[in-house]
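[1] sequence-free structure coming up:
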């Protein structure tokens, strides 16, 4: 273990800083190349060890391929097959300090014949998250040590030297009587295990027990065990304060009438779901490939099948605190059906320290542009510099949907861009010479919440982990103005009683029924009875912004025409992105960025609230700590949002 990891682990056990989600888990999407391909997912596999699980998405006869550091990158198993581990002549994978390299061509992990696309899930070894153990069977009951150091959430065992099913134990199984079991490579229901499987013994935080069943403990047989943790009520030890949970393994009962909501205490990015009272598949979902919150398709694979990726419409949605079942679907929500799940939290857990890791501007000039950002894009706003509506989309609401910041229109279908890419963004531009602004969600910086309106005063949970300083809300189902909360409204005094509209030039005005006359907190924001923020039965969306030192700034200023105003944002190299809106009189929402030019002189700017083509005027000038408002600006009170 590296020195830094030892320090982090020690600090976590002592209540200090712990590991982040992004250090131990990754969903990474890629296209096959049939040649050497390095995947940089930020996971230290060569130093810390772990598991990489790969599946072709669009090829229906491709088995899963599981590689782990305990057996080495030259051997792999297939979760949908009983077969022994495969050992190709050339090692398919090399494990790196920031991911892995695929060395060989194969349809299961790196083919091109079918224009293959792939997903990879990487689990790093870490206490209270994941461990991988190999052992040799002895033909009689034995205990096997592991280093999970907490409740075993899901235990998978596979014989590697010959054929054998993938037997597993899950924390969500009934705890009454003998431990239960299930088989990963089959669709069968869970069963009560006899002594030959788990020796009638539940796993502990330090070991698990196997009986004399050949699939888990044949004399001389070789085995690998994958152990996934179950964090509970803040005992996970992750995050800046070492008190966050990032993985949970539980159970629920389906109900198509009440549509159960599963409270995890966090928003998930990965889900494995299996019905246990009858035969069904092992479903694998993740937000990189798409778990759409209302109005779209959820994308899944089967862990027990070579089938290609498939979709189902509006069955499951993620929430700020877990996930909710939305419709009747036997694999996830049949009334009276019993289900187990494994959920992994969306990261990161720490506030960003580098704005380039969470925000990107691209002024592409080609059709079908592929934008490389270096981070997974959660929200994108694209606008034609020659005059078009803005198109705003989010990973939460899916590739096929968009909203227009300059219009009251409800959400509509759109095939202009896609979030289905790691470390970038796909844009089928509606016209050449577009400008695209892209955000990653991160604590204290930016968050997105999709929720269903009630028409009554209520609170909405969020994951900003800070008090929102600006909120944009839009009714996705109806024609309605974009309602904006900003901490600078009314001079910063009771701003929750005021609002401005993103799609209009109006000055600020009172509107307590928008925010229920209640200031937001670090965990919830309040909405009133207005359809703009809480339409009854309507799908709603909220974008939440906050200040992070050296990264972003939400603020306000007063300006006098004829003299310049310096706006100190606490930056060290000036602002790359600025939105400014006057609040004491009518005014456009002007947008500036350094790609098009924030210079001493004329600047290119666009209007969020209009379809006008890009204009040029000297409105802002560079300032190392933020930006300078040029003397040409009208006298008045302004709110702004800036990113370093």
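    That came through, no problem. Being a predicted model, the structure only gives us computed values, none of them experimental.

[2] looking at this structure, which residue lies furthest from center?
    Of all residues in the chain, residue 562 has its C-alpha farthest from the mean position, at 46.4 Å, by C-alpha atoms, centre = their mean.

[3] gap between that residue and residue 212?
    When distances are taken as C-beta to C-beta, to the nearest Å, residue 562 and residue 212 turn out to be 90 Å apart. In this view, the C-beta of every residue, glycine as well, is placed from N, C-alpha and C.

[4] what's the answer for residue 494, then?
    Taken as C-beta to C-beta, the span from residue 494 to residue 212 is 71 Å.

[5] go on, residue 361?
    63 Å.

[6] just residue 257 next, same as before
    Residue 257 is 46 Å from residue 212, by C-beta to C-beta.

[7] Looking at the two, which has the bigger crowd around it?
    residue 212 (18 against 7; other C-beta atoms under 10 Å).

[8] Now residue 46: which helix or strand?
    Using DSSP states H and E, the element containing residue 46 is helix 45-48.

[9] right, and the helix or strand after the host helix or strand of residue 451?
    Secondary structure assigned from DSSP H and E places residue 451 in strand 446-452. For strand 446-452, the following helix or strand on the C-terminal side (DSSP H and E) is strand 458-461.

[10] other SSEs contacting that next one?
    Helices and strands touching strand 458-461, as assessed by 3 or more C-beta pairs under 8 Å, 6 or more residues apart in numbering; DSSP states H and E, comprise strand 446-452, strand 524-527.

[11] hang on, the earlier thing: could you pull up the mean pLDDT of the helix holding residue 46?
    Mean pLDDT, computed over helix 45-48, is 98.

[12] what's the answer for stretch 75-83, then?
    The model assigns stretch 75-83 a mean pLDDT of 98.

[13] Report how far apart the opening and closing residues of it are.
    One end of stretch 75-83 sits 12 Å from the other (C-alpha to C-alpha, to the nearest Å).

[14] Could you do stretch 124-142 as well?
    26 Å.

[15] Okay, buried residues for that stretch please.
    Neighbour-count burial for stretch 124-142 flags 124-133, 135, 137, 141-142 (criterion: 16 or more other C-beta atoms under 10 Å).

[16] Contact partners for residue 570?
    549-550, 553, 625-626 (C-beta atoms under 8 Å, 6 or more residues apart in numbering).

[17] Try it again at 10 Å.
    By C-beta atoms under 10 Å, 6 or more residues apart in numbering, the residues touching residue 570 are 547-553, 555, 625-626, 642, 644.

[18] Kindly report the same for residue 100.
    28, 37-41, 43, 45-46, 50, 52, 54, 67, 69, 73, 92-94, 120, 122.

[19] what do you get if the cut-off is 6 Å, keeping everything else the same?
    39, 45, 52, 93 (C-beta atoms under 6 Å, 6 or more residues apart in numbering).

[20] Need the pLDDT of residue 483.
    pLDDT, residue 483: 98.

[21] Going forward, count from 47.
    With the count now opening at 47, the last piece we talked about shows up as residue 529.

[22] That one: neighbour count?
    Neighbour tally, residue 529, other C-beta under 10 Å: 25.

[23] among the contacts of residue 146, who's most crowded?
    Result: residue 98 is most packed of the contacts of residue 146 (other C-beta under 10 Å), 28 neighbours.

[24] quick one: secondary structure of that residue?
    strand (DSSP: H, G, I helix; E, B strand; the rest coil).

[25] Okay, and the beta partners of it?
    Beta bridges link residue 98 to residue 113, residue 168, judged by DSSP bridges.

[26] Wait, it touches residue 113, no?
    Yes - with contact defined as C-beta atoms under 6 Å, residue 98 reaches residue 113; the gap is 4.9 Å.

[27] Run through the helices of the stretch 197-346 of the chain in chain order.
    241-244, 260-263 (DSSP state H, counting those that start in this stretch).

[28] To residue 494, which of those lies closest?
    With C-beta to C-beta as the measure, helix 241-244 is the member of these nearest residue 494 (42.5 Å).

[29] The closest one: how far from the chain's middle?
    Its chain's C-alpha centre and that of helix 241-244 lie 38 Å apart, by C-alpha atoms, centre = their mean, to the nearest Å.

[30] which residues touch it?
    Residues contacting helix 241-244 (C-beta under 6 Å, 6+ apart): 225, 227, 255, 257-259.

[31] of all the residues you listed, which comes closest to residue 658?
    For these, the nearest to residue 658 is residue 227 (64.5 Å; C-beta to C-beta).

[32] quick one: that closest one from residue 75, how far?
    From residue 227 to residue 75 the distance is 32 Å (C-beta to C-beta).

[33] So between these two, which is more surrounded?
    Comparing residue 227 with residue 75 by other C-beta under 10 Å, the one with more neighbours is residue 227, at 22 against 19.

[34] For residue 275, see how far away that one is.
    The value you get for residue 227 to residue 275, if C-beta to C-beta is used, is 19 Å.

[35] Repeat that for residue 401.
    Residue 401 is 33 Å from residue 275, by C-beta to C-beta.
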